[in-house]
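> With the input below, show me the fold.
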Amino acid sequence: MDYPKVINTVPANEQTDVSPNLSVLEINFNKPMSNGFAFISSYEELNYRNGYWKDRNTFCIKIISSLKPGKEYIIYLNSPDKLFFKDTDGKPLLPTTLIFKTKKS
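Numbers count the residues shown, from 1 in each chain. Presented below is the predicted three-dimensional model:
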């Protein structure tokens, strides 16, 4: 089964010098996706209510307030019981973790 995959993100996964002024996080997929999504973040700055599809391959999270300097952020896309990121054929994105860290001020 050819599952969808994250091909790149802005900021890049594991990037350690992200500007705290970043206003939108972008997640790019290798194939067209359906409209559903599920991500988990315990950070007020990265709230699921601010997620939206820019196009069929790009999901964005609008950052509602400035990111904290020198902080590591972890975002979980899908989980074993919440597989809402799916391609247009209904195949789910396997649970994926994105990590980045902001620059110290």
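
> Can you classify Phe59 by secondary structure?
Under DSSP: H, G, I helix; E, B strand; the rest coil, the three-state class of Phe59 is strand.

> residues touching it, list them.
Phe59 makes contact with Glu26, Ile27, Phe29, Met33, Phe37, Gly51, Tyr52, Trp53, Phe85, according to Cβ atoms under 8 Å, 6 or more residues apart in numbering. All C-beta atoms are positioned from the backbone trio N, CA, C, and that covers glycine.

> Check what pLDDT it gets.
On pLDDT, Phe59 comes in at 97.

> Likewise for Asn50?
Asn50 is given a pLDDT of 85.

> how many neighbours does it have?
By other Cβ atoms under 10 Å, 14 other residues sit near Asn50.

> what's near enough to touch it?
With Cβ under 8 Å, 6+ apart, Asn50 has these contacts: Ile61, Lys62, Ile63, Ile64.
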